[in-house]
Every structure is written in C-alpha cells, then in structure tokens.
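Visitor: heads up, no residue letters with this:
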C-alpha cells in the first residue's frame, strides 16, 4: 500500500480513489509528498505510541498499589493488554494530530465537498489536522474551561482530571510568559493588518510569531504544538495593547480574558500555512481593495502541478521578496531564473525586502530568522508607533496629476518612485533626527514630522516623474538619489522641518 489509512484520514482524502486516480509512474511521482509525510508520521507515531503505552501502564500499576519488583512485572503485563494498547494508540494519534474526527470536523468536510469542481479542496486542503491542532491549543489555554471535553476529563478520574488540569494551568502559564515577552518587545505575534504598520514591521526586520534571540528574530510558528500556545499569548498581548479595555470587577476581567483568547486563537489559526488559503480568501472578501487581487493571483498560480516545490526552489535561488501584479508575474515569481523580472517588495525606505537566511535554510528549514538592523531611523518610528502616535507611513499612491487630470504610474515608474521616494525620506528623516532641537519635541510632534518627511519626499519624486513624462524620456531615466537630494533642497518647503 502506498498511502496508509492513517495518512489519508489525516489529510482528508480517500485512499483507494486517490491512489488510482493517476496510475503508473506519473502517479508515483505525484504521490511522493504523501509517502514522505506518511513515513514521517509513522515514525513519530510509533515512538509516541510506545511512550504512551508504558506511561499508561506505569500509571495504572501505581494506581493498583503495586510496588517494588512487582511493579515492573505488572507493567510488562499491562503493555500486552489489548485495551491498554488501544488507549496508547489513541494517545499517539492525539500527539501527531491524527485523532479521529468529531462531528464538527465531519460537517466541515461535507461542506468542503459541496463546492463545485473540488474548489473546496483547493481552498481548504486540510481539515482534520488544523482542527486537532486547534483543540490542542484550546486545551492549553483558559478556553479549556469552556469545552465539554475538559469537564468530561474532570469527571473521568484522577489520571485524566489531573492531566486536563495540568494542560490548562501550564498552557495558560506559557501563554502568560509569551504575553509578557511580547509586551517587552522580545516576541511577536501576527504581523499587523494595517498596510502602513505592516510595512514598518517588516522594515524593522521583524518576523511574525518569532522570538528575539540576541540580535536575531527566530520564528516559532511551525513548532507545533508549542507554537499555538506561544502564538496565543503573543496575539493576546498585541490585541490587549491595541484594544485596551478597563474592567471594574473580577467577572468582567475573566470575560475579557476569554474574549481576548478567542480572538487570539482565530488570529493565530489564520496565520497557519495549512489554513492560509482559507484565511487569504476571507481577507480578500473583507478587504477586496487590499487583498483580492493578490489572493486571486496566488490561488491561480497554485493550481499548477508541483507549483509548491517549484516555488521552494525559486525561494532558495532568489532571496528577494517579489510583488506580482498580473498572472504572468505570478508565474514568473515562482519560477527559478524568472523571478528577477518581477519588481521587488520594498520597505518604507525603498529598499528591496530580502530574506536573510542562507540558500540552504530557505530550501530546507521551516524556521525563518532575521537580524535586527538596529537602525535608529526605523527604531524611532517604531517607538512612536508603539506609543500609539500613528507614526507609520502609509503606502504611496500611484496617482499623478498632470494638466488637472489624474494619471496612473506604470509598473516600472511606481517601482522606481517607491525606491527613490523611500531613499529620499530616509535621508531627510536622518537629518531631522540629527537636528539639535528634535530631542526637545513631544512625541506627537515627532510623529507628525514623520508624515511630513514622507509627504515631502514623495511630492518631490512625483515632480521628477512628471518632468520625465513631459520630456519624453523613458521611466528608466529617472534621476539618481544624488540628483533627487539636490532637487529636494531646491524645492520650497522640502527642507527638513525646523525642530528648534
């Protein structure tokens, strides 16, 4: 058998039908990922089952009052008991997220099958595994007290009751540690949804769901099941900061904790790679102006066979993050050797966004890392933003006004506009920070200066683009950074604002 029932159940596919759908060597090639996943699952599940079997037998023998040499003989007998083996198998399935589907999971699998043309399977390729991971996260959070399984375990007996309580207490404690680290700036949750804040977040070289180790951010988002508990704490802290609510009594405080944990769980699951298709589709529906086109491009490109493997190779070859805006660019951004034809994503200073891991890490490691540049210009804006002063600059508009008519920049123009205006803003902001009077300004004035600097830099760059359009020169003839700096100095009001 090429695909075991455990693996097909885990990924929500029918073993025989899918095994015969593509016969011969093409089918064998297509099924390679399933076979690798199966081998990994079986290896982990076997170790988990053996460990669970001996733990259950040891606990049972102690409960029976057996001690000394009789204890080990009793354990040797219990590990051969079919009922004990069955319990150990269920425990192993729980630990590798294979636990048998509940009624809610089966309903979701049926709903997925309702969509025409297997669209549901493309949007939600995995159902059982994400739900099992979510259950593990809930069991290790304050939300456990609201679940029937928790109270069922509390009524079942000393062993299960103690285990359920330990999961709740230790998990909630770990959430508290993660929340504290997040408030101290040593851990991150999900990246901000607001585009300006998101751009600033990545300019500071932060990573979603990561822990700061020395001067590096190291992601933990794929280290399940600990990742979901740590992520819940980090997201809870971020939500508590952005949605500060004062409570007057203990009951209200408990309600806020449960509500915040629920929001954090939804946000956390939405960031998981195995739910990214569903999460992206929901974002596209709620914010079509920002997310619809990128989602459609990613979804269409993902329909090509082996697209994930090809994208992985492209990511290993090209560390630069790309921003495709057409179907052709979506395909190019995923093909090694063609990615350079797609303009890069740029940070607020106009610099290309680059993955800082080695090529081997980008190809093989699920753990991302990034180095904090400790750049004063970025750190100051981050500080103002974290204090609630709305200092993050938004993304620049693509619109030009020529002869009273609005015109859109071309793709190449906009990329160069973002590069040049960001570089100019960086130079101007650096000059502002170095000015003698800046340190005497209150933070709200400083936040206003951030926006003023970016407005001046972008206005000057737009004039350059319009100048070159009128002169008939190609967008590639835009002024270099030195010429732009000279132009900024000559424009009325383009000098760094006085701060003394």
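Guide: Okay, I see it. Here the structure is a predicted model, which means the values were calculated and not measured.
Visitor: which helix or strand contains residue 75?
Guide: Per DSSP states H and E: residue 75 is located in helix 69-78.
Visitor: got a list of contacts for the helix or strand following that helix?
Guide: Note on helix 69-78: by DSSP H and E, the next helix or strand toward the C-terminus is helix 82-95. Here helix 82-95 makes contact (CB atoms under 8 Å, 6 or more residues apart in numbering) with 6, 44-46, 48-50, 52-53, 56-57, 60, 78-79, 98-100, 132, 136. In this view, the C-beta of every residue, glycine as well, is placed from N, C-alpha and C.
Visitor: in helix 82-95, what counts as buried?
Guide: Within helix 82-95, the residues that count as buried by 16 or more other CB atoms under 10 Å are 84-85, 87-89, 91-95.
Visitor: that helix vs helix 69-78, what angle?
Guide: Orientation of helix 82-95 against helix 69-78 (axes from the mean of the first three to the mean of the last three CA atoms, to 10 degrees) gives an angle of 80 degrees.
Visitor: and helix 82-95, how far out from the chain's middle?
Guide: Averaging C-alpha positions (CA atoms, centre = their mean, to the nearest Å) puts helix 82-95 33 Å from its chain's average.
Visitor: check stretch 142-149 too.
Guide: Centroid separation for stretch 142-149 versus its chain: 26 Å, with CA atoms, centre = their mean.
Visitor: and stretch 396-408, by the same measure?
Guide: Centroid separation for stretch 396-408 versus its chain: 35 Å, with CA atoms, centre = their mean.
Visitor: also stretch 370-377?
Guide: Put simply, stretch 370-377 sits 21 Å off its chain's centre (CA atoms, centre = their mean).
Visitor: quick one: average confidence on it?
Guide: Regarding stretch 370-377, the rounded mean pLDDT is 91.
Visitor: could you tell me the end-to-end distance of that stretch?
Guide: 18 Å (CA to CA, to the nearest Å).
Visitor: so how far is residue 221 from residue 174?
Guide: For residue 174, the distance to residue 221 equals 15 Å [CB to CB, to the nearest Å].
Visitor: neighbour-wise, which of the two wins?
Guide: residue 221 (23 against 17; other CB atoms under 10 Å).
Visitor: I figured residue 186 hits residue 212, correct?
Guide: Yes: applying CB atoms under 8 Å, one finds residue 186 in contact with residue 212, separated by 4.7 Å.
Visitor: neighbour-wise, which of the two wins?
Guide: Set side by side, residue 186 and residue 212 show more neighbours around residue 212, with 17 against 14, by other CB under 10 Å.
Visitor: mind listing what's buried in the helix or strand where that one lies?
Guide: If you go by DSSP H and E, residue 212 is part of strand 210-213. Buried residues in strand 210-213, counted by 16+ other CB under 10 Å: 210-212.
Visitor: what segments of the stretch 401-500 of the chain are strands?
Guide: Here the stretch 401-500 of the chain has its strands, by DSSP state E, counting those that start in this stretch, at 405-408.
Visitor: helices of that one, start to end?
Guide: 411-434, 443-471, 481-490 (DSSP state H, counting those that start in this stretch).
Visitor: deepest-packed of those, please.
Guide: helix 411-434 (a mean of 20; mean count of other CB atoms under 10 Å).
Visitor: what is that one packed up against?
Guide: Contacts defined by 3 or more CB pairs under 8 Å, 6 or more residues apart in numbering; DSSP states H and E place helix 411-434 against helix 376-386, helix 443-471, helix 481-490.
Visitor: just the buried ones from the contacts of helix 82-95, in ChimeraX syntax?
Guide: In ChimeraX, a selection of the buried entries from the contacts of helix 82-95 looks like this (16+ other CB under 10 Å):
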select :6,45,48,49,52,53,56,57,60,78,79,98,99,132,136
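Visitor: mind listing which of the contacts of helix 82-95 are in helices?
Guide: Counted as lying in helices by DSSP state H, out of these, are 6, 44-46, 48-50, 52-53, 56-57, 60, 78, 132, 136.
Visitor: where is pLDDT lowest across these?
Guide: For these, the minimum pLDDT belongs to residue 6; the value there is 50.
Visitor: of the helices and strands packed on helix 411-434, which is nearest residue 190?
Guide: helix 376-386 (15.8 Å; CB to CB).
Visitor: buried ones in that closest one?
Guide: By neighbour count on 16+ other CB under 10 Å, the buried set for helix 376-386 is 377-378, 380-382, 384-385.
Visitor: which single one of the residues you listed is nearest to residue 321?
Guide: Using CB to CB, residue 378 is the member of the buried residues of helix 376-386 that sits closest to residue 321, with 17.3 Å.
Visitor: do I have it right that the closest one meets residue 204?
Guide: Yes: applying CB under 8 Å as the test, residue 378 and residue 204 come out as touching, 5.2 Å apart.
Visitor: not counting its neighbours along the chain, what's nearest residue 337?
Guide: Distances taken as CB to CB, 6 or more residues apart in numbering place residue 317 nearest to residue 337, at 7.4 Å, with adjacent residues excluded.
Visitor: who touches that neighbour in this structure?
Guide: Shown in contact with residue 317 (CB under 8 Å, 6+ apart): 336-337, 339, 359.
Visitor: ok so, going back, so what secondary structure elements neighbour the helix holding residue 75?
Guide: By 3+ CB pairs under 8 Å, 6+ apart, helix 69-78 packs against helix 32-63.
Visitor: chain center to the helix it packs on: distance?
Guide: Offset of helix 32-63 from its chain centre (CA atoms, centre = their mean): 29 Å.
Visitor: coming back round to it: between the helices and strands packed on helix 411-434, which gets nearest to residue 150?
Guide: Residue 150 lies closest to helix 376-386 among the helices and strands packed on helix 411-434, at 36.0 Å (CB to CB).
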